[in-house]
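In: need a 3D model of the following:
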Amino acid sequence: GYNYASGRLDHQTYYKAIRIDQAFIAARVLDRILAVWLREYGLARDLDVAPAHQWFWDGLEHVDPYKEANAQRLRLESNTTTLSHEYARQGLDWEAELRQRAREKALMRELGLTESDTTPATQENQDHE
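Out: Alright, predicted model coming up:
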């Protein structure tokens with residue numbers, strides 16, 4: 001029969017296929033479009049330098065966000081991943097996210113707020129109250 005574990009295994013294969021498709025599209029389509037655009041832009045601006053770039057795709061949600069958050073924490077603590085990789089898995093730019101987080105923390109300090117003051121209540125937290 002088909003159970004939860006079978007479904008997870010099927011989805012892992014499916015998500016790997018999506019990542020392969022994304023890499024192909026980035027290399028064969030998006031990079032080519034960018035190269036042509038940059039060439040045209042360079043002619044207009046007299047530039048000859050192609051900037052470093054990265055394509056971001058929407059992230060894939062984990063079926064159990066709590067387990068995924070713990071796994072992510074362990075990967076970061078054991079240095080088996082990077083912030084860049086973890087944010088990219090969510091379809092996010094790590095530098096932009098860290099800059100945003102720094103702005104949030106600075107504003108919290110300015111307003112005299114703590115992390116617990118600004119943590120949204122979850123259903124689990126409400127159930128324990």
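
In: gap between the two ends of stretch 43-59?
Out: 36 Å (CA to CA, to the nearest Å).

In: got a list of contacts for it?
Out: If you take CB atoms under 8 Å, 6 or more residues apart in numbering as the criterion, stretch 43-59 is touched by 22, 26, 30, 34-35, 38, 41-42, 88-93. All C-beta spots, glycine's among them, are computed from the backbone N, C-alpha and C.

In: give me that answer again for 10 Å
Out: Contacting residues not belonging to stretch 43-59 are listed as 18-19, 21-23, 25-27, 30-31, 34-35, 38-39, 41-42, 84, 87-93, 96 [CB atoms under 10 Å, 6 or more residues apart in numbering].

In: next one: stretch 74-90
Out: Residues contacting stretch 74-90 (CB under 10 Å, 6+ apart): 54-62, 68, 71-73, 92-98.

In: return that stretch as PDB; C-alpha atoms alone will do.
Out: Extracted in PDB, the C-alpha atoms of stretch 74-90 (Å, rounded to 0.1, in the frame of the first residue of the first chain):
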ATOM      1  CA  LEU A  74      22.000  20.800  13.200                       C
ATOM      2  CA  ARG A  75      23.400  21.200   9.700                       C
ATOM      3  CA  LEU A  76      24.500  24.800  10.500                       C
ATOM      4  CA  GLU A  77      25.900  23.800  13.900                       C
ATOM      5  CA  SER A  78      27.900  20.900  12.400                       C
ATOM      6  CA  ASN A  79      29.200  23.000   9.500                       C
ATOM      7  CA  THR A  80      27.700  20.700   6.900                       C
ATOM      8  CA  THR A  81      25.800  23.600   5.200                       C
ATOM      9  CA  THR A  82      26.000  27.300   4.900                       C
ATOM     10  CA  LEU A  83      23.500  30.100   5.400                       C
ATOM     11  CA  SER A  84      23.800  30.800   1.700                       C
ATOM     12  CA  HIS A  85      22.700  27.200   0.900                       C
ATOM     13  CA  GLU A  86      19.900  27.100   3.600                       C
ATOM     14  CA  TYR A  87      18.400  30.400   2.400                       C
ATOM     15  CA  ALA A  88      18.600  29.300  -1.200                       C
ATOM     16  CA  ARG A  89      16.600  26.100  -0.300                       C
ATOM     17  CA  GLN A  90      13.800  28.500   0.600                       C
END
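
In: right, I'll call it a day here.
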